[in-house]
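Trainee: Predicted structure and sequence below. I'll ask about it afterward.
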Amino acid sequence: MTKPSDHFARVILVILSIAILTSSLGCGGGVAKASPSTSAPATRPMDHAHWMEDRLGTLGDRSLKQLVLPASHDAAMYLTSFPQSLGRTQNLSIYGQLHEGVRYFDLRPAWRDGTICMHHDFILGPTLAQVLDDVRRYMSNGHRELVILKFSHYDKINAEHYNTAVGQIESELGPWLYKSRSAQRLADIPLRDYLSAHGTVLVFFEGSFPARYSAPGIWVYRDWDNSDPAIGDLRVYDQYSNVTSYPVMKSDQFAKFDRYDGKCKIRPDVPCDLFLLSWTLTPPTNVPTYAKEPNEHLADDMATLKIPNRFGCMVNLLYADCVETAHLTDAAIRLNESLYQSRGVPPRTGPARSGSAEGIGASFHFPP
């Protein structure tokens with residue numbers, strides 16, 4: 001049996017090796033998985049590339065806080081070359097994930113050698129320019145979808161770098177940025193209003209930068225447990241379990257949802273907008289292998305979760321690694337459609353496939 005001290009020593013050795021290797025590498029290197037074609041494979045029961053537009057007739061009147069969206073953890077960490085592969089959390093590029101149906105992206109910017117790139121700790125991913133180009137290409141295809149980009153976990157990002165990033169976002173995504181400001185919270189706006197003319201991109205940054213350097217189309221993000229949630233244009237309960245055991249993670253996330261009362265932690269007088277179910281494990285590396293078990297069980301496990309919870313709140317973001325293996329979009333669609341099943345509106349049907357969320361449905365009754 002390996003002693004805990006030996007295991008710890010090996011982990012430290014791996015970390016030091018990675019640090020040495022990555023110190024000489026710029027961002028944007030490595031190899032990405034090929035993005036899928038714009039048409040869905042014949043084996044898919046649903047076309048994920050435009051699932052929102054296809055369902056505006058039933059989902060259009062629902063606000064963000066009344067919807068379930070597929071969400072990608074560390075969305076830009078998909079490069080497969082060594083050592084970038086040691087920080088890999090996704091198999092598909094941002095463009096590929098958009099076609100897979102993901103609509104909420106966790107993006108973590110770092111400044112390296114005059115370039116803004118994505119990172120996970122000290123592992124570097126693609127450049128911000130590559131990420132934005134993927135989103136631009138997808139939106140340019142005419143998809144009438146709502147896409148949310150959330151930037152957080154800054155690494156060596158100062159005010160100048162932040163403003164550079166905002167400039168890049170405006171240059172690449174300007175035609176699709178949501179810039180309208182009103183008394184209505186973003187989470188209360190109906191999906192139909194976001195998509196009235198074309199696809200829309202909502203961009204959020206955490207921290208002080210978006211509040212200090214206001215820019216059209218750039219919004220303030222706040223976590224549920226921040227000390228200043230009132231200034232947040234979007235407030236999200238996002239608490240990962242920080243374990244490597246699937247049963248422990250499942251129990252912890254379900255318990256967190258059961259306790260979630262829709263209020264911010266430090267300022268309970270401030271409402272929280274969305275609940276994120278963090279279906280992720282936290283190994284030091286090799287995330288795709290660890291993600292396999294929880295992802296295989298997501299659909300069945302969601303069928304056992306009581307929604308809404310005892311406070312009338314619902315799960316809004318299904319957040320996972322290796323999103324396509326969790327069939328996140330299938331699960332989100334079935335969860336959204338279950339509301340209309342309970343109201344007598346027939347859901348869209350299609351042939352089931354192994355591991356899909358076909359069994360999710362009638363037991364779910366979402367709040368209005």
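Mentor: Looks like it arrived, so ask away.

Trainee: So what does Lys263 have for phi and psi?
Mentor: Main-chain torsions, Lys263, degrees, to the nearest 10: phi -120, psi 150.

Trainee: State the pLDDT value of it.
Mentor: At Lys263, the model reports a pLDDT of 98.

Trainee: Please apply the same query to Cys27.
Mentor: Per-residue confidence (pLDDT) for Cys27: 76.

Trainee: I'd like the distance between it and Leu173.
Mentor: To Leu173, Cys27 is 20 Å away according to CB to CB, to the nearest Å. All C-beta spots, glycine's among them, are computed from the backbone N, C-alpha and C.

Trainee: what's the answer for Tyr221, then?
Mentor: In this view, Tyr221 and Leu173 are 17 Å apart by CB to CB.

Trainee: Just list what the host helix or strand of Leu298 packs against, helices and strands only.
Mentor: For Leu298, the element it lies in under DSSP states H and E is helix 287-302. The contact analysis (3 or more CB pairs under 8 Å, 6 or more residues apart in numbering; DSSP states H and E) places helix 287-302 against helix 246-259, strand 274-279, strand 317-320, helix 323-326, helix 328-342.

Trainee: so which of these gets nearest Tyr237?
Mentor: strand 274-279 (4.8 Å; CB to CB).

Trainee: Pairing partners for the closest one, with directions?
Mentor: Strand 274-279 pairs in its sheet with strand 234-238 (parallel), strand 317-320 (parallel), by DSSP bridges.

Trainee: Please work out which of these is packed deepest.
Mentor: strand 317-320 (a mean of 27; mean count of other CB atoms under 10 Å).

Trainee: of Cys27 and Leu173, who's got more company?
Mentor: The neighbour comparison of Cys27 against Leu173 (other CB atoms under 10 Å) goes to Cys27, with 26 against 19.

Trainee: which residue packs closest to that one, ignoring adjacent ones?
Mentor: Take Cys27 and drop its neighbours on the chain: the residue closest to it by CB to CB, 6 or more residues apart in numbering is Cys117, 2.7 Å away.

Trainee: so what's that neighbour up against?
Mentor: Gly26, Cys27, Gly28, Pro109, Ala110, Leu124, Gly125, Pro126, Thr127, Leu128 (CB atoms under 8 Å, 6 or more residues apart in numbering).

Trainee: Which two of those have the greatest separation?
Mentor: Largest separation among the contacts of Cys117 by CB to CB: Gly26 and Pro109, giving 14.6 Å.

Trainee: And those two? Which one has more around it.
Mentor: Neighbours were counted for Gly26 and for Pro109 using other CB under 10 Å; Pro109 has more, 25 against 13.

Trainee: so how far is His153 from the more buried one?
Mentor: 8 Å.

Trainee: which neighbours do those two share?
Mentor: Joint contacts of Pro109 and His153 (CB under 8 Å, 6+ apart) are His119.

Trainee: shaky segments in the stretch 1-150 of the chain?
Mentor: The stretch 1-150 of the chain contains residues with pLDDT under 70 at 1-26, 29-47.

Trainee: residue ranges of the helices in the stretch 1-150 of the chain, please?
Mentor: Secondary structure of the stretch 1-150 of the chain by DSSP state H, counting those that start in this stretch: the helices cover 4-22, 51-54, 56-59, 94-100, 128-140.

Trainee: Going by neighbour count, which residues of the third one are buried?
Mentor: Pointing back at helix 56-59 there. Neighbour counts over helix 56-59 (16 or more other CB atoms under 10 Å) mark Leu56, Thr58, Leu59 as buried.

Trainee: Repeat that for the last one.
Mentor: Neighbour-count burial for helix 128-140, with 16+ other CB under 10 Å as criterion, is recorded at Leu128, Gln130, Val131, Leu132, Asp133, Asp134, Val135, Arg136, Tyr138, Met139.

Trainee: which one of the residues you listed sits closest to Thr244?
Mentor: Val131 (27.9 Å).

Trainee: That closest one against Leu98, yeah?
Mentor: No - Val131 lies out of contact with Leu98 (CB atoms under 8 Å); the separation is 11.0 Å.

Trainee: gap between stretch 310-320 and the chain center?
Mentor: Here stretch 310-320 is found 14 Å from its chain centre; the criterion is CA atoms, centre = their mean, to the nearest Å.

Trainee: got it, and stretch 55-63?
Mentor: Using CA atoms, centre = their mean, the offset of stretch 55-63 from its chain centre is 20 Å.

Trainee: what does stretch 253-260 give?
Mentor: 19 Å.

Trainee: for the record, mean pLDDT for that stretch?
Mentor: 98.

Trainee: So for it, what gets flagged as buried?
Mentor: Neighbour-count burial for stretch 253-260, counted by 16+ other CB under 10 Å, picks out Gln253, Phe254, Lys256, Phe257, Tyr260.

Trainee: can you pull the alpha-carbon coordinates of it into PDB?
Mentor: Extracted in PDB, the C-alpha atoms of stretch 253-260 (Å, rounded to 0.1, in the frame of the first residue of the first chain):
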ATOM      1  CA  GLN A 253     -24.300  19.200  -4.200                       C
ATOM      2  CA  PHE A 254     -27.800  17.900  -3.500                       C
ATOM      3  CA  ALA A 255     -27.500  19.000   0.200                       C
ATOM      4  CA  LYS A 256     -26.400  22.400  -1.000                       C
ATOM      5  CA  PHE A 257     -29.400  22.700  -3.300                       C
ATOM      6  CA  ASP A 258     -31.700  21.600  -0.500                       C
ATOM      7  CA  ARG A 259     -30.400  24.400   1.700                       C
ATOM      8  CA  TYR A 260     -30.400  27.100  -1.000                       C
END
